[in-house]
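In: whatever this is, show me its structure:
(3 chains)
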Amino acid sequence: LSPPGVLPLCHRLPAWGRAARQRPGLPLAMCRAFSNNKILVELDESSGVATMKFKSPPVNSLSLDFLTEFCISLEKLENNRACRGVIVTSAVPKIFSSGLDITEMCGKSTEHYAEFWRAVQEMWLRLYGSNMVTVAAVNGSSPAGGCLMALSCDYRIMVENPKFSIGLNEAQLGIVAPFWFKDTFVNVVGHRVAERSLQLGSLHPAPEAHKFGLVDELVPEEKLQEKAAAVMAQWLALPDHARQLTKSMMRKTVLDRLAAHREEDIQNFISFISKESIQKSLRMYMEMLKKKKG
Amino acid sequence: LSPPGVLPLCHRLPAWGRAARQRPGLPLAMCRAFSNNKILVELDESSGVATMKFKSPPVNSLSLDFLTEFCISLEKLENNRACRGVIVTSAVPKIFSSGLDITEMCGKSTEHYAEFWRAVQEMWLRLYGSNMVTVAAVNGSSPAGGCLMALSCDYRIMVENPKFSIGLNEAQLGIVAPFWFKDTFVNVVGHRVAERSLQLGSLHPAPEAHKFGLVDELVPEEKLQEKAAAVMAQWLALPDHARQLTKSMMRKTVLDRLAAHREEDIQNFISFISKESIQKSLRMYMEMLKKKKG
Amino acid sequence: LSPPGVLPLCHRLPAWGRAARQRPGLPLAMCRAFSNNKILVELDESSGVATMKFKSPPVNSLSLDFLTEFCISLEKLENNRACRGVIVTSAVPKIFSSGLDITEMCGKSTEHYAEFWRAVQEMWLRLYGSNMVTVAAVNGSSPAGGCLMALSCDYRIMVENPKFSIGLNEAQLGIVAPFWFKDTFVNVVGHRVAERSLQLGSLHPAPEAHKFGLVDELVPEEKLQEKAAAVMAQWLALPDHARQLTKSMMRKTVLDRLAAHREEDIQNFISFISKESIQKSLRMYMEMLKKKKG
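Out: Numbers count the residues shown, from 1 in each chain, chains lettered A, B, ... in the order given. Just a heads-up that it's a prediction; the model follows:
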């Protein structure tokens, strides 16, 4: 009974799972993942709503371990009949997620790049294609991959603090958002806004993001969880089956595009990220970040 | 000289006509249809504008008979050189159309479901692909199939009464709007608004519908016909041929998608609607409606 | 390293160049083009920003000579490493460009129509697919092909004078905007606005055009150049390579659609424009324009 858009994910899961398990020396990674090191998962069985709280300081960056844990946690919820909806939010103050972990893309082997990119794809395929109602409670800044996670949910509520910003700012770092980041963005804000924002690598303060629909609603920080619960209740009032089929119908084209070109997309990522010019600009960016901290 | 988007309709017309005539015991249905039982058609030859007034109380539901009559009436106008535009509106107070007639989808034979669905498709192919200028004067609530009819016109004017609502609320009934309902909706309001509205099965009060473009204009009830005539005159000021080719260019992709998958879409509908779970929820819905009336 | 969307243009350039050179009796046209008769090109090497000023009175109409000169000038800038961005604007008061030159479409040979249409296509393929940052500083009215040029840039700033209007008004003349005009328009304003505006052949006063995103910003006439320079600086702050790949990703689908159907599109144009009914309405339109002047 699962909708078409979700099928490829299920078919692909064993393959991805295998790849993960074959990582040399990492049989324990899977266990660690299950123990929820980086993401706190709480399921309220009475409401059927789970909360996934990112707690990977300092900035919830999307490392291979984080992504692996995220996918496994999401899959467990997806297969749990007691769970119908998930709220994703952050346990780290001022940041939702800083996006892909640059250390995973810098000075590593081709095999590592492939494994990392497959995990990024898997996160998106599972979240964007989830049968559950997904609500992003964005309680901090959310650049790049963090923005993608929010965009992949069914609804986005953001704290109204103008110091928090959100956007696909890859171009600022000299890299390019992959086509499926772009597709997800266009589905939310339309072609024109996406074209301009992606080319400028814009990070939009919360009020601006709300103005053109990148986030659906702004609330004071203290009202965020309450609001997320209320929105979730509204979406869960619908019969699951019809809602799931409708969601799949809306997202299938874009999900299928990656599913059909997954290996090609990995090869593109590897060849792009392996370029000396790209490696150099990523190293410079990391130096800058270190200096900022120090 | 007919634009490409309209060709498949013409090609398919004889086949559909045949099917309708072959309905056992219903040779008279075609005649009744011509006699305009359920739709009042008036053509003002001086302006070239026809009005189709739905008068099928209590709620102008889209039964097989209604749809058959609608298609035949529209085809007659389409072939009448004196007619260049059509205003669709309701003669029943407070309701434009309640959408597909649930009794046609409940406890009937597979053949009946097929015939009914083909008539729903035909209505949309003809209205969305019409060469005439089509204006919806929405003078009452317009859920589901009623909303589709409005969406298929060139322009939508709605009475500003917030008690009147419009939307594709199929998900509320546990059913799924077909892909071509969705395509038509996305073409009007964009992907994001459609995704959210379809998943929630939202019925939008007129002012909200106007805010995000589901309807183009709101007017007081007493100004509706006057406004519809004025809009029609504005559209008819353009040369027909260029306007028709432009309309076809805008709608062809979406019309062709159904034309190419019509039988498949009928089979999908039959297998979905024949499920015991769906039949059960439709029966419950009809019980609820009966109780409301009683 | 050039992005995929731009490749077909390069591949096609020699073919087009050859065709141009083969025009009987027009070997000098190419030289004239280089001498910038109709377009004033200034490159500020310190900022890397060129300005192309249309100076072809009375209305900067897009004749074959104008288009040829435009393409050659743009190509020279594209190949000049000192140039990273182009501002297109008008040196003629009150008009940006009046669009395609009707005299090129009226009473000419099939060969001429083919050559002219190829030049229109080339202009769009090069401008919409340009690797440079392109800003339209719209300092006057901009109907039809003039609007297309503005739509093909990365950003549109328009003088806030409500007497200046912009739009794809082809339908008003009884002709149809080609599918790639439509695609470009939809990418900027979305499907619904485009459908209505194209069918009505609307010319939108600057404030209205700004309201629904046809132009990005309005400024007083005296601030236009300053604003264009500021916007350009903002876009040039991004690393070229990532910005170019992103731009190509956003525009590739639409560029490829014409590149794949270019000859077919030329044949369509020729058979449409050669119709006696179309020729007649163009002649009437030219008569009307002449009377206005006289």
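In: hey, let's count contacts and neighbours off CA atoms from now on
Out: Noted.
In: give me the neighbour count for whichever residue of the stretch 1-150 of chain A sits closest to chain B.
Out: Going by C-alpha to the nearest C-alpha, chain B is nearest to residue A:133 of the stretch 1-150 of chain A, at 10.0 Å. A total of 25 residues lie near residue A:133 under the criterion other C-alpha atoms under 10 Å in any protein chain shown.
In: so what's it closest to, chain neighbours aside?
Out: residue A:85 (4.4 Å; C-alpha to C-alpha, 6 or more residues apart in numbering or on different chains).
In: need the pLDDT of the one you found.
Out: We have a pLDDT of 98 for residue A:85.
In: is it bridged to anything, and to what?
Out: residue A:49, residue A:133 (DSSP bridges).
In: what sits against the residue of the stretch 1-150 of chain A closest to chain B?
Out: By C-alpha atoms under 8 Å, 6 or more residues apart in numbering or on different chains, the contact set of residue A:133 is A:84, A:85, A:86, A:153, A:154, A:232, A:235, A:236.
In: and the top helix by length along chain A, what's buried?
Out: Secondary structure of chain A read by DSSP state H shows that its longest helix is helix A:240-260. Neighbour-count burial for helix A:240-260 flags A:240-252, A:254-256, A:258-259 (criterion: 16 or more other C-alpha atoms under 10 Å in any protein chain shown).
In: circling back: can you redo the contacts of residue A:133 as CSV with neighbour count?
Out: Output for the contacts of residue A:133, formatted as CSV (neighbours: other C-alpha atoms under 10 Å in any protein chain shown):
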residue, neighbour count
A:84, 21
A:85, 25
A:86, 27
A:153, 22
A:154, 22
A:232, 23
A:235, 21
A:236, 19
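In: name the nearest of these relative to residue B:97.
Out: Among these, residue A:235 lies closest to residue B:97 (C-alpha to C-alpha), at 26.1 Å.
In: so what's that closest one up against?
Out: A:133, B:199, B:200.
In: any idea how far it is from residue A:229?
Out: 10 Å (C-alpha to C-alpha, to the nearest Å).
In: returning to what we had before: per-residue pLDDT, the residue of the stretch 1-150 of chain A closest to chain B?
Out: At residue A:133, pLDDT is 98.
In: low-confidence ranges in chain A?
Out: Chain A contains residues with pLDDT under 70 at A:1-36, A:294.
In: sec struct for residue A:153, please.
Out: Following DSSP: H, G, I helix; E, B strand; the rest coil, residue A:153 is assigned to coil.
In: which non-adjacent residue is nearest it?
Out: residue A:134 is the one closest to residue A:153 (C-alpha to C-alpha, 6+ apart), at 4.9 Å.
In: tell me, how many residues neighbour residue A:204?
Out: Neighbour number of residue A:204 under other C-alpha under 10 Å is 22.
In: for residue A:234, same thing?
Out: Residue A:234: 11 neighbours (other C-alpha under 10 Å).
In: and it, how close does it get to residue B:202?
Out: On the measure of C-alpha to C-alpha, residue A:234 and residue B:202 end up 11 Å apart.
In: swap in residue A:115?
Out: Distance from residue A:115 to residue B:202, by C-alpha to C-alpha: 41 Å.
In: who are the contact partners of the residue sitting nearest the centre point of chain A?
Out: Compute the mean C-alpha point of chain A, and by C-alpha atoms, centre = their mean the closest residue is residue A:149, 2.6 Å away. If a contact means C-alpha under 8 Å, 6+ apart, then residue A:149 has A:124, A:127 as its contacts.
In: equivalent analysis for residue A:200, please.
Out: A:169, A:171, A:172, C:235, C:238, C:243.
In: repeat that with 7 Å
Out: The contact partners of residue A:200, by C-alpha atoms under 7 Å, 6 or more residues apart in numbering or on different chains, come to A:171, C:235, C:238.
In: hang on, the earlier thing: so how far is the helix or strand the residue nearest to the centre of chain A falls within off the chain centroid?
Out: Residue A:149 is part of helix A:144-151, with elements assigned from DSSP states H and E. Using C-alpha atoms, centre = their mean, to the nearest Å, the mean C-alpha position of helix A:144-151 is found 5 Å from that of the whole chain.
In: which strands border the next helix or strand after it, and is each parallel or antiparallel?
Out: Per DSSP H and E, the first helix or strand lying C-terminal to helix A:144-151 is strand A:155-159. When pairs are called by DSSP bridges, strand A:155-159 turns out to pair with strand A:133-138 (parallel), strand A:217-219 (parallel).
In: and for the last one, what's in contact with it?
Out: Residues from elsewhere that reach strand A:217-219, judged by C-alpha under 7 Å, 6+ apart: A:156, A:157, A:158, A:159, A:160, A:210.
In: mind checking how far the first one is from chain C?
Out: What it means is residue A:156. 22 Å (C-alpha to the nearest C-alpha, to the nearest Å).
In: beta-bridge partners for that residue, please?
Out: residue A:136.
In: that one contacts residue A:215, correct?
Out: Yes. With contact defined as C-alpha atoms under 7 Å, residue A:156 counts as touching residue A:215 (5.0 Å).
In: what does chain A put close to chain C?
Out: A:171, A:172, A:174, A:175, A:176, A:191, A:192, A:195, A:198, A:199, A:200 (C-alpha under 7 Å from any C-alpha of the partner chain).
In: sec struct for the second one, please.
Out: The three-state label for residue A:172, taken from three-state DSSP, comes out as helix.
In: just the helices from the stretch 51-200 of chain A, written as ranges.
Out: Using DSSP state H, counting those that start in this stretch, the helices of the stretch 51-200 of chain A run over A:64-78, A:110-128, A:144-151, A:179-189, A:191-200.
In: the longest one and chain B, are they touching?
Out: What that stands for is helix A:110-128. No. Helix A:110-128 does not reach chain B (C-alpha under 7 Å from any C-alpha); its nearest approach is 12.6 Å.
In: that helix relative to helix A:179-189, how many degrees between them?
Out: Helix A:110-128 and helix A:179-189 meet at an angle of 20 degrees, taking axes from the mean of the first three to the mean of the last three C-alpha atoms, to 10 degrees as the criterion.
In: tell me the angle of helix A:110-128 relative to helix A:144-151?
Out: 20 degrees.
In: contacts for helix A:110-128?
Out: Under the contact criterion C-alpha under 7 Å, 6+ apart, helix A:110-128 has outside partners A:9, A:64, A:67, A:68, A:71, A:105, A:152, A:153, A:255, A:266, A:270.
In: just the buried residues of the residues you listed.
Out: A:9, A:64, A:67, A:68, A:71, A:105, A:152, A:153, A:255, A:266, A:270.
In: what is the nearest of these to chain C?
Out: Using C-alpha to the nearest C-alpha, these come closest to chain C at residue A:270, 15.7 Å.
In: rewinding a little: just name the most buried of the helices of the stretch 51-200 of chain A.
Out: Most buried of those by mean neighbour count (mean count of other C-alpha atoms under 10 Å in any protein chain shown) is helix A:144-151; its value is a mean of 25.
In: CA atoms of that one as CSV?
Out: Output in CSV follows, covering the C-alpha atoms of helix A:144-151 (Å, rounded to 0.1, in the frame of the first residue of the first chain):
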residue,chain,number,x,y,z
ALA,A,144,22.9,24.6,3.1
GLY,A,145,22.2,21.0,4.1
GLY,A,146,20.4,22.2,7.2
CYS,A,147,18.1,24.2,5.0
LEU,A,148,17.6,21.1,2.8
MET,A,149,16.4,19.1,5.8
ALA,A,150,13.9,21.8,6.6
LEU,A,151,12.7,22.1,3.0
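In: against residue A:268, how distant is residue A:112?
Out: Residue A:112 is 14 Å from residue A:268, by C-alpha to C-alpha.
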